[in-house]
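# I need the structure of the sequence given here:
(one chain, ligands or ions: 1)
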Amino acid sequence: MTNIFSHQPLITPWDGDNCQPCHRHFYHQPGGKLSFPPEVEEQWEVIVVGAGLSGLTSAYHLKERRVLVLEAGKVPGGVCRQGSFRGLAYPAGSAYFYYLGDPSWEAWYQGLGLPLADSLIAKPVSALFYEGRWYPDCFSKPGLRTLPLSRKAINGLVNLADNLAAWEEVWDPMGSDSLPNPELDQISLAHFLENERELPPQVTSILTPYCRSCLGAGPDAVSAWAGLFFLMSEFSEKARTAAFPGGNAMIAQALAQSLNPPVRCGQTVVRLEPTPHGVNLLVWDRLDNRGYRLQARAVILALGKFAARHILPSDAGWNLEIFGRFRYSGYVVAALCGHISLESPGYENWVVGDENFSDFLISPRNPRGNGPRVMTVFAPQPFALSREALLRIKPEDKAKKLLAAVESNFPGTAREVEEIHLYRFGHAQIVPYPAFLTAVKGNIAQARGRIVLANSDLEGLPCIEAAIVQGQKAARQIEAIFAG
Ligand SMILES: Cc1cc2nc3c(=O)[nH]c(=O)nc-3n(C[C@H](O)[C@H](O)[C@H](O)COP(=O)(O)OP(=O)(O)OC[C@H]3O[C@@H](n4cnc5c(N)ncnc54)[C@H](O)[C@@H]3O)c2cc1C
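This is a model prediction of the structure:
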């Protein structure tokens, strides 16, 4: 590799999710090496396991009850992460969301003290970097017309945008048990574009970074339904994009701050044991290095199914084999910190054709004097790359590879980078592969006895709305359990 550094930037150790506390327990006999005293230490009305957006939302809606949230990681938020460089907050994970002007969502954000109006992103929101050129506002109809594609391809894309705008009026699947147009879930997005719409493969390539970043895999590996549902917001003339400073971590922080008692971090739930009147939880406190036992009248399991299946006993009422059919992507996020002078037309910038990363955003978007800026680079890992492989990658190697990739697309950037902050997420987001939403997601009950499932993966869609909707549904299920 040629030396792209005029100096050696500081490369931080991996941050992000922390699998160690879970792996340590799940891949040994439960309770094997660890000892959990038989006495119950504390009793709660509800215990929420996992302080991602779904778990925090469920606790927020149950605030009137005695609720405890347990989180294995060091901070609440899950993949909603925030980093900081010389006092400048930047998104280090989940960054932005869509706002369709729905008053109930507006009220929800307002209730948290997060005014949506201040967070709306100025246009152009999305820009495409393709073969060395920028295409600003690439998902708007005028933007689509500028893309270096054949007339047939452009007309096909504009037609698709029109169709999605019409579907937007009638598709409201979030939180609902049935999928509109379920036949679209049987095929891949690539198949839909190339066979059903007869668009050239170039269109599929242009949409590849978008799919890899937002849906965890390329257009050939995600369901057409899921891909179109996401693209609907991009192509929409109604939807606005919103982001808080530091990204969606700010929503997680607002939710966490509303809770009393605060989220208990560093606490890994290892096992649930349903009892006739509630649920016992075996918890490993990695700060004090000891196991203990809690009891709750009901439990919300707000972690991914990849972990839930290790925690649930086989007689809890779910067929745990089906949890094994959930697929997750891995993700690396690199914050390139320094006096970054790169100008990019979009808030969200998609880079076509580079396997190392898919997109980036810059905080603040416009340079302010000579102040620091952070380029957050999103590097979804090749789908199906095992988590073990991600765990083996050395931070220095990944940082250098990513910096070289950024430099080859945007020459001159590397020498401005003073620090590289690295984050990795092993099971970053659910991959809605073809038929997953119709065959798997729909067959899982949200509640069994006094255990309720949350997490965005139950919605089958990797976005914060899915996590919030699942958290709200879980809170309603708890009320129904207590009422019944
Ligand atoms: C890099 C990245 C960027 C993204 N960008 C966006 C975006 O811009 N916009 C958008 O809408 N969506 C985005 N997403 C997706 C979206 O943010 C997520 O789908 C959503 O936040 C997930 O929330 P969750 O609560 O379902 O799960 P998670 O955030 O995964 O939360 C699960 C929590 O459970 C905890 N946990 C796990 N096991 C245990 C245990 N045994 N005991 C206790 N706690 C445990 C975990 O530590 C974690 O905190 C992004 C995702 C990633 C990875």
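# For the stretch 351-484 of the chain, what lies in contact range of the ligand?
For the stretch 351-484 of the chain, the contact set with the ligand under C-beta under 6 Å from any ligand atom comprises 378, 425, 428, 429, 455, 456, 462, 463, 464, 467. From N, CA and C alone the C-beta is placed, and that goes for glycine too.
# among these, who's most crowded?
Among these, the one with the most neighbours (other C-beta atoms under 10 Å) is residue 467, at 32 neighbours.
# sec struct for that one, please.
The assignment at residue 467 comes out as helix when based on DSSP: H, G, I helix; E, B strand; the rest coil.
# That one against residue 455, yeah?
Yes. Between residue 467 and residue 455 there is a contact at 7.0 Å, judged by C-beta atoms under 8 Å.
# any shared contact partners between these two?
52, 54 (C-beta atoms under 8 Å, 6 or more residues apart in numbering).
# I'd like to know how far residue 213 sits from the ligand.
Separation of residue 213 from the ligand (C-beta to the nearest ligand atom, to the nearest Å) stands at 7 Å.
# Tell me who's in contact with that residue.
350, 358, 359, 378, 380.
# what about the closest residue to the ligand within the stretch 151-300 of the chain, helix or strand, and which?
Of all residues in the stretch 151-300 of the chain, the one sitting closest to the ligand is residue 269 (3.9 Å; C-beta to the nearest ligand atom). Taking DSSP states H and E as the criterion, residue 269 maps to strand 267-275.
# any idea of the mean pLDDT for stretch 140-154?
Per-residue pLDDT over stretch 140-154 has a mean of 96.
# same deal with stretch 118-134?
Rounded mean pLDDT across stretch 118-134 is 96.
# before we move on, back to that, what's across from the nearest residue to the residue of the stretch 151-300 of the chain closest to the ligand once chain neighbours are set aside in the sheet?
Nearest residue to residue 269 in three dimensions, chain neighbours excluded: residue 49, at 4.6 Å (C-beta to C-beta, 6 or more residues apart in numbering). Under DSSP bridges, the beta-bridge partners of residue 49 are residue 70, residue 301.
# Check whether residue 49 really touches residue 55, as I assumed.
Yes. Using C-beta under 8 Å, residue 49 is in contact with residue 55, at 7.0 Å.
# picking that back up, run a quick neighbour tally on the residue nearest to residue 269.
28.
# Next, the contact list for it, please.
Residue 49 neighbours (C-beta under 8 Å, 6+ apart): 55, 70, 269, 281, 299, 300, 301, 302, 303, 311.
# thinking again about what came up before, mean confidence for the strand holding residue 269?
94.
# Sheet partners, orientation included, of that strand?
Short version: by DSSP bridges, strand 267-275 pairs with strand 278-285 (antiparallel).
# Any regions of the stretch 101-250 of the chain where pLDDT drops low?
173 (pLDDT under 70).
# what packs against the longest strand along the chain?
Scanning the chain for the longest strand, with DSSP state E as the assignment, gives strand 417-430. In terms of contacts (3 or more C-beta pairs under 8 Å, 6 or more residues apart in numbering; DSSP states H and E), strand 417-430 is packed against strand 10-11, strand 15-16, strand 82-85, strand 328-338, helix 387-392, helix 395-409.
# okay, the angle between it and helix 395-409?
Here strand 417-430 points in a direction 100 degrees away from that of helix 395-409 (axes from the mean of the first three to the mean of the last three C-alpha atoms, to 10 degrees).
# who does strand 417-430 pair up with?
strand 10-11 (parallel), strand 15-16 (parallel), strand 328-338 (antiparallel).
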